[in-house]
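Participant: Attaching a predicted model along with its sequence, questions to come.
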Amino acid sequence: MKKAVVKGLVLDKVSNTPIVLLAIENTKKILPIWVGACEASLMAIAIERVPFDRPLTHDLMLSILKEVSLKIERFVIHSLKDNIFYAKIVLRDLTLTEQDLAEGVNPYIEIDARPSDCIILSLKMGAPIYVANDIIASEAIDIDNIDSNDEEFKKFVENMDINEFRKLLDDDSGQMGE
């Protein structure tokens, strides 16, 4: 399993569907995940840290977890079936004592989740995202192996930074359902 970070949010011009690009740490690989327009908008909001007077759904979830003493440890994108990625949220129970842990009580709880929700929560609170090695092997794009005709795409992904990402979001915000 390898750590991944959000590298970009782009629009698939063929399907008019947003794609979040996850950069696989210590590689030149990008994992594209197609997401819905609403999810892409929420990702953009999380990246920009747009304040709201009332909590949005993911903010509410984070507040509930805090109140019940559960901490998000990590997100794991673990499988792909019928072109659908599957993920889980790994929580740690903060109420357990050293005695509980010494007795072998498992402090971790795993919850099935959509990758888009995991990505939004990660952007909001900073817990790491991990991707299974078999998914990286089969689905990630090695930007060093992109056809020379795709040089523009290679440069786009390699050189993207958070400021470019923000600019891209500003430029495309009307196309992402906001």
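Facilitator: Here it is on my side, so go on.
Participant: The residue most central in space within the chain is in what secondary structure piece?
Facilitator: The residue lying closest to the centre of the chain (C-alpha atoms, centre = their mean) is Ile119, at 2.5 Å. Applying DSSP states H and E as the criterion places Ile119 in helix 115-125.
Participant: Could you check how far Leu101 is from Trp34?
Facilitator: Leu101 is 40 Å from Trp34, where distance means C-beta to C-beta, to the nearest Å. Bear in mind the C-beta positions are built from the backbone N, C-alpha and C, glycine included.
Participant: So these two - more neighbours on which side?
Facilitator: Trp34 (16 against 12; other C-beta atoms under 10 Å).
Participant: phi, psi of that one?
Facilitator: phi -80, psi 130 (degrees, to the nearest 10).
Participant: and what of Ala140?
Facilitator: phi -70, psi 150.
Participant: Give me the secondary structure label for Thr95.
Facilitator: coil (DSSP: H, G, I helix; E, B strand; the rest coil).
Participant: typo on my end, it should be Val76
Facilitator: strand.
Participant: hang on, isn't Val20 packed against Asp117?
Facilitator: No: judged on C-beta atoms under 8 Å, Val20 makes no contact with Asp117 at a distance of 11.8 Å.
Participant: more crowded one of these two?
Facilitator: Val20 (22 against 19).
Participant: what packs against the helix or strand harbouring the more buried one?
Facilitator: Here Val20 sits within strand 17-24, counting by DSSP H and E. Strand 17-24 sits against strand 2-12, strand 29-34, helix 37-48, helix 115-125, strand 129-131, with contacts defined as 3 or more C-beta pairs under 8 Å, 6 or more residues apart in numbering; DSSP states H and E.
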